[in-house]
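Visitor: The following comprises the amino acid sequence and a computationally predicted model.
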Amino acid sequence: MIAGLHAIRGPLLNPSPTAGVDYFPDGVLVGDDRGRIVAVGAWDEVAARLNLDAAAVPRSRGLILPPLLDAHIHIPQHPIRGRFAENIGADPPGGRLLASLEQNVFPAEGRCEGPAHARHVVADFATDTLANGVIGGAAYMTVHPRATRIALEQLPESWSVGLVLMNGRCPAYLRTNEPSLADDITALAHDFGRRLIVTDRFAVSVDAPLRKQGVALARQHGLRMQTHLDEQRAEKALIEEVLYPEAGSYTGVYARDGLLDCEPILAHCIHVRPEEVDLIAGSASSIAHCPVSNTLLGSGVMPLDTIRSAGIPHALCTDVGASPTTSLFCEMAQFLKVHAAASSSATPEEALRLVTVAPARMLGVGDRLGTFAAGMEWSFIEVACDGPVPATAREAILGGLLGMSEADLDSWRSGDGPAAAAMRRLRDEGLDWGHDLAVLDADVRATAARLEGRVRRVTRAGKVVWPPGSPVA
């Protein structure tokens, strides 16, 4: 083997930058001493071209695929993941989202004002995401500049982090310090550049003057923004009928105040009307699609085909803590379930692209991550895959990564069984607390438990970064 080259051999999934997924049942990924990819492909072809010695090339611990990226996740909610809606009661006033924020989320975020607690939360978050093959993304922190700085310092450069803006309908201890905001963002932007994201919590908790100040600061420092949009019907009604009736729509609030001009990541976008889709498509926005969160909160199902037809970039994201897990494999499985009966574009191959190629592009790292190509980072994860080596990409993703079968998908498409019937009602009507939501909750949690712990090793630019203490790849 040529000096200075390193390789790993095994079944290899390579999401295409354009469409589909290339699959090599006996593949090899070759890197150099700089941590860059030299070659990828079928073992026989690459080995002959580069004079690789089979005895010297280690076998993978499972399926080889690019590392995963999560473009919408809440760091301070990591300790309460899966308990986001705990103890809010049945059918709370204002909906499950607003009740969950007040009961569980805001107290968890308030605790991050303490530096020791913030460091502990960020450390646990970093370990857990890596253990699930997630090496970066876009995260929310809190309104506290010090906690945001801690997150940016402790997390690798592949993570962007948001300083949250809030000044209404939230506890006093979680209100933005508006007099110091400009200085706080300037200092963070100076030290971390575009890894800092100016984060408008959502239009319920941020008034127009604060939002416009955030937009002005984002423009001044060349930063992007992130927020939530059209997640639940009750939230949408509050914004459009009570708080901002003059804006025309929920999306119109953000368009009017300039947020859509700041390359925002818009989370959820479930209840968007056609004119809102046009506003989003006419901007540099992208959408964080969170099927697990949208299911567990009874929010509904994002109109996937409408978003795709409009050409709006989108990626699958966990939205922890509304999700019980940082596993994007769980998100992929739920993506296939929620769209099974309504969209032909929700395929296993597309699900993999939406946690690799799509978020890499959204986050501006598509030249380094998301797919395997010469010159990109020699970064990859190895995922346990029991049984015979899958024959096709579809089998490798559906069975190997997600532990699902074609029969499982058929049952979700046909609406057979209580879970599929509940999913249909979620898509058509949204769900308040009750039997249907309990059925879907149990199904999601079982999937999460099954798909956690599948990642055997994470390698970043030629160095093993998880599990701790592993030898260099």
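Guide: Done, it's in.
Visitor: Need the three-state assignment for the residue nearest to residue 16 when sequence neighbours are not counted.
Guide: Leaving aside its sequence neighbours, residue 16 sits nearest to residue 22 (Cβ to Cβ, 6 or more residues apart in numbering; 6.1 Å). For glycine as for every other residue, the C-beta is placed from the backbone atoms N, C-alpha and C. State at residue 22, reduced to three classes by DSSP: H, G, I helix; E, B strand; the rest coil: strand.
Visitor: what about residue 22, distance to residue 13?
Guide: With distances taken as Cβ to Cβ, to the nearest Å, residue 22 is found 8 Å from residue 13.
Visitor: Between those two, which contacts overlap?
Guide: Residues within reach of residue 22 and of residue 13 at once, by Cβ atoms under 8 Å, 6 or more residues apart in numbering, are residue 393.
Visitor: Compare neighbour counts for those two and give me the winner.
Guide: The neighbour count for residue 22 versus residue 13, taken as other Cβ atoms under 10 Å, is higher for residue 13 (25 against 17).
Visitor: quick one: the more buried one from residue 269, how far?
Guide: As judged by Cβ to Cβ, residue 13 and residue 269 stand 28 Å apart.
Visitor: repeat for residue 351
Guide: Distance from residue 351 to residue 269, by Cβ to Cβ: 18 Å.
Visitor: Got the domain ranges for the protein?
Guide: 5-66+372-398+453-466, 68-362 (automatic domain parsing).
Visitor: Following the chain onward from the worst-scoring helix or strand of the chain on mean pLDDT, which element is next?
Guide: Least confident element among the helices and strands of the chain, by mean pLDDT, DSSP states H and E: helix 96-100 (a mean of 73). Sequence-wise, the next helix or strand downstream of helix 96-100 (DSSP states H and E) is helix 106-110.
Visitor: what's the next secondary structure element after that next one?
Guide: helix 115-131.
Visitor: Which residue is the nearest non-sequential neighbour of the spatially most central residue of the chain?
Guide: Nearest to the geometric centre of the chain sits residue 317, at 2.2 Å (Cα atoms, centre = their mean). Leaving aside its chain neighbours, residue 317 sits nearest to residue 72 (3.6 Å; criterion: Cβ to Cβ, 6+ apart).
Visitor: just residue 286 next, same as before
Guide: Taking Cβ to Cβ, 6+ apart, and ignoring the residues beside it in sequence, residue 286 has residue 313 as its nearest neighbour in space, at 4.0 Å.
Visitor: Quick check, the one you found in contact with residue 288.
Guide: No - in this structure, residue 313 is not within contact of residue 288 by Cβ atoms under 8 Å, at 10.2 Å.
Visitor: neighbour count winner among those two?
Guide: Legend: neighbour count by other Cβ under 10 Å for residue 313 and residue 288, higher for residue 288 (28 against 15).
Visitor: what's the residue nearest to that one when sequence neighbours are not counted sitting at in phi/psi?
Guide: With Cβ to Cβ, 6+ apart as the criterion, residue 288 has its nearest non-adjacent residue at 3.4 Å, and that residue is residue 72. Note on residue 72: backbone dihedrals following degrees, to the nearest 10 are phi -160, psi 110.
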